[in-house]
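# Give the three-dimensional model of this entry:
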Amino acid sequence: MKRELLDNGNIWQKSDGRWIGMVRYKDEFGVAQRKSFSSKKKKTLQAKMTEYVKNFNEQVANSDESRKPLKESMKNRLRVYKYPEVERTTYDRYECTAEHQIYPYIGNKPVYQQAAAYFLMLNTGLRAGELCGVINSDIDLDNRVIHLQRGVKEVHVRDGLEYVPKLEVKVGKLKSKTSKRDVPLNDTAIEMIQRLRKEVYLGEDAPLIPDENGNFTNPRNMRNRFYRILPRLPCSKGKRQLSVTYHQSKY
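As a prediction, the model looks like this:
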């Protein structure tokens with residue numbers, strides 16, 4: 001669980017004239033904690049608390065594994081989880097194996113989470129195939145709109161007119177003539193686009209949501225991810241299971 005601030009702090013003055021401040025937050029276990037401050041001067045106290053909140057947010061951002069390259073994330077996992085629990089010779093063997101047999105093949109590829117894509121769909125009503133077909137130049141943030149031009153779908157391969165039992169991803173026309181449209185963007189949709197671009201941006205002519213090779217993402221993979229995420233939502237825990245299809249989530 002990620003640490004998070006519960007407020008930006010409260011300040012009050014005690015009867016002896018000292019100023020007291022407190023910032024509340026949740027730790028990595030979800031337990032509410034507090035950080036206290038004191039000073040003879042209010043201005044000094046405010047500066048201390050502002051610096052603490054700034055450092056707290058930076059630490060949270062730096063600890064977000066989804067924003068790190070895969071290589072860095074794997075190195076961190078070795079250091080944090082394996083080093084304390086195994087013999088030094090075992091750890092050295094793990095580290096050597098990773099350095100020579102894993103890292104050279106993965107390079108600095110980012111960990112593709114793309115969770116913001118689902119919030120973008122919720123706020124625009126886009127189909128999976130429509131969103132997968134959006135390239136960065138289709139997006140006009142100044143005028144808060146996406147110019148929908150193309151779609152992505154999975155089709156059967158054909159050898160001439162002969163059916164081949166194999167599927168491929170095809171980029172082409174949208175579902176209908178009216179599907180080619182301008183989609184307005186609210187504040188949340190714009191924020192999700194910015195998050196997706198911060199995660200990976202390959203240029204104006206590249207997909208907003210590329211796959212691990214930088215190509216258009218298969219919409220079937222988008223739907224599969226949705227159904228893997230669904231059972232992990234808080235509203236799907238316990239006896240009251242959330243039952244919703246990918247298509248229903250857009251409405």
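
# drop to CA atoms for contacts and neighbour counts, all remaining ones
Will do.

# just checking, Pro186 touches Asn123?
For the record, residue 186 is Asn, not Pro. Yes. Using CA atoms under 8 Å, Asn186 is in contact with Asn123, at 7.2 Å.

# Which one of the two is surrounded by more residues?
Neighbour totals were compared for Asn186 and Asn123, and Asn123 leads with 19 against 13 (other CA atoms under 10 Å).

# name the element that one belongs to?
helix 116-124 (DSSP states H and E).

# Run through who's touching that helix.
Applying CA atoms under 8 Å, 6 or more residues apart in numbering, the contact partners of helix 116-124 are 127-128, 131, 183-186, 188-189, 192-193, 195-196, 209, 226, 249-251.

# Run a quick neighbour tally on the nearest residue to Leu78 once chain neighbours are set aside.
Closest residue to Leu78 apart from its sequence neighbours, by CA to CA, 6 or more residues apart in numbering: Glu95 at 7.6 Å. Counted with other CA under 10 Å, the neighbours of Glu95 add up to 18.

# how close does Glu95 sit to Tyr103?
Counting by CA to CA, to the nearest Å, the separation of Glu95 from Tyr103 is 10 Å.

# that older thread, now, which of the contacts of helix 116-124 lie within strands?
Val183, Pro184 (DSSP state E).

# and the contacts of helix 116-124, which are buried?
Among the contacts of helix 116-124, those classed as buried by 16 or more other CA atoms under 10 Å are 127-128, 131, 184-185, 189, 192-193, 195-196, 209, 226, 250.

# What's opposite Ala32 in the beta bridge?
Beta-bridge partners recorded for Ala32 (DSSP bridges): Lys26.

# list the contacts for it?
Arg24, Tyr25, Lys26.

# now the residues you listed as CSV including distance to Tyr52, pLDDT and neighbour count?
Formatted as CSV, those follow (distance: CA to CA, whole Å; pLDDT from 0 to 100; neighbours: other CA atoms under 10 Å):
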residue, distance to Tyr52, pLDDT, neighbour count
Arg24, 11, 91, 17
Tyr25, 12, 90, 19
Lys26, 15, 87, 16
